[in-house]
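In: Sequence and predicted structure below; questions after.
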Amino acid sequence: MTTIEDFRKCSDSEWLEMLVASVRSPMVSGLTFPSFPSVDLQSQFVGSANENALREAHSFYTLMKQTAQQYGKPIGRDSAFLDFGTGWGRFLRFAWKDVTEDHLYGVDIDPDVIALAQSNGVPGKLSTIEPLGALNMPDASVDAILAYSVFTHLPERVHLHWMAEFKRVTRSGAIVALTVEPRRFLEFVASLEGKVPESGWHAGLQRFSAEAKNRLAEFDVGQLVYLPTGGGDHRGAEIYGDAICPIQYLQDKWGPEFVVRVHIDDPSRFWQAAVVLQRL
């Protein structure tokens with residue numbers, strides 16, 4: 001019987017192509033892959049679906065892996081790996097090749113999407129968390145945390161709450177890969193003022209155009225700027241919106257426990273700014 005153990009030595013690019021093939025059929029090279037939610041639901045959570053969603057995730061996951069390797073904390077089969085804000089389990093599909101299933105964890109505030117990921121066969125221990133809750137993990141037990149497009153939505157008190165939890169659960173040397181909205185996002189929101197919105201998303205942001213323009217100065221002195229745009233079910237504006245976070249803020253608040261190893265603000269590579277931190 002074919003198992004994931006037969007694919008541990010696949011390259012990341014080979015595994016990506018297998019995941020892409022699994023969109024069409026869950027059986028690839030004798031291995032049963034997790035199934036996918038509807039295109040609409042995938043897009044609702046990550047802004048894209050199927051192959052596009054996987055290729056975007058592959059770029060970020062490989063950045064995390066390469067940085068972890070470079071700084072002496074490679075992601076391997078016995079690494080405790082947490083996908084924070086797992087949604088429908090996009091990133092856990094990548095980590096499945098590298099980490100044994102009993103060392104994979106995924107959490108989300110949305111119980112419906114956790115139930116969906118479980119029913120689709122996403123590997124790992126999946127669970128729901130409260131917006132200001134705690135991780136059901138011991139102190140100093142986690143080697144790697146991935147939080148893609150999560151801190152881009154958190155108001156400061158929620159950001160700091162989970163930062164403290166990450167400090168609690170990570171081991172020395174642990175890697176945290178996350179994304180933040182850079183200054184260009186705040187500029188984009190400001191630029192929508194007076195325009196005919198091209199989408200419902202733009203219309204929602206446009207309500208904050210004047211505020212965004214007025215708050216550029218806060219960003220420039222290292223403050224986190226939060227726009228309470230809200231996100232629907234399980235995501236009220238008091239806990240979920242659009243957060244624009246300068247790298248200086250991460251350096252000030254996450255230190256001295258964490259140091260920034262990588263910061264990429266390049267829209268040709270990642271729509272949001274990519275950051276990889278390491279626990280000292």
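Out: Structure received.
In: count of residues packed around residue 204?
Out: Neighbour count for residue 204, taken as other Cβ atoms under 10 Å: 18. To be clear about C-beta, it is placed using only N, CA and C from the backbone, and glycine gets the same treatment.
In: elements contacting the helix or strand containing it?
Out: For residue 204, the element it lies in under DSSP states H and E is helix 200-206. Using 3 or more Cβ pairs under 8 Å, 6 or more residues apart in numbering; DSSP states H and E as the contact test, the elements touching helix 200-206 are helix 183-191.
In: How far does the helix holding residue 204 sit from its chain's centre?
Out: Counting by Cα atoms, centre = their mean, to the nearest Å, helix 200-206 is centred 22 Å from the centre of its parent chain.
In: Next SSE downstream of that helix?
Out: helix 209-214.
In: Quick one: mean pLDDT over that following helix.
Out: Across helix 209-214, pLDDT averages out at 97.
In: Just the buried positions in that helix, please.
Out: Buried residues in helix 209-214, counting neighbours by 16 or more other Cβ atoms under 10 Å, are found at 209, 212.
In: could you check the distance from residue 85 over to residue 154?
Out: Between residue 85 and residue 154 the distance is 10 Å, computed by Cβ to Cβ, to the nearest Å.
In: hang on, the earlier thing: alpha carbons only: can I get the helix holding residue 204 in PDB?
Out: Listed next in PDB are the C-alpha coordinates belonging to helix 200-206 (Å, rounded to 0.1, in the frame of the first residue of the first chain):
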ATOM      1  CA  GLY A 200     -17.200  44.700  -3.400                       C
ATOM      2  CA  TRP A 201     -13.800  44.400  -1.700                       C
ATOM      3  CA  HIS A 202     -12.800  47.800  -3.000                       C
ATOM      4  CA  ALA A 203     -16.100  49.300  -1.900                       C
ATOM      5  CA  GLY A 204     -15.500  48.000   1.600                       C
ATOM      6  CA  LEU A 205     -12.000  49.500   1.700                       C
ATOM      7  CA  GLN A 206     -13.200  52.800   0.200                       C
END
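In: Residues in contact with it: which ones?
Out: With Cβ atoms under 8 Å, 6 or more residues apart in numbering as the test, helix 200-206 has contacts from 188-189, 192-193, 195, 197, 227, 229, 242.
In: now swap in stretch 146-157 and tell me
Out: Applying Cβ under 8 Å, 6+ apart, the contact partners of stretch 146-157 are 46, 57, 60-61, 64, 81-85, 91, 95, 132, 159, 162, 176-181, 224, 226, 228, 231, 235, 238-243, 245, 272.
In: So among the residues you listed, which ones count as buried?
Out: 46, 57, 60-61, 64, 81-85, 91, 95, 159, 162, 176-181, 224, 226, 228, 231, 235, 239-243, 245, 272.
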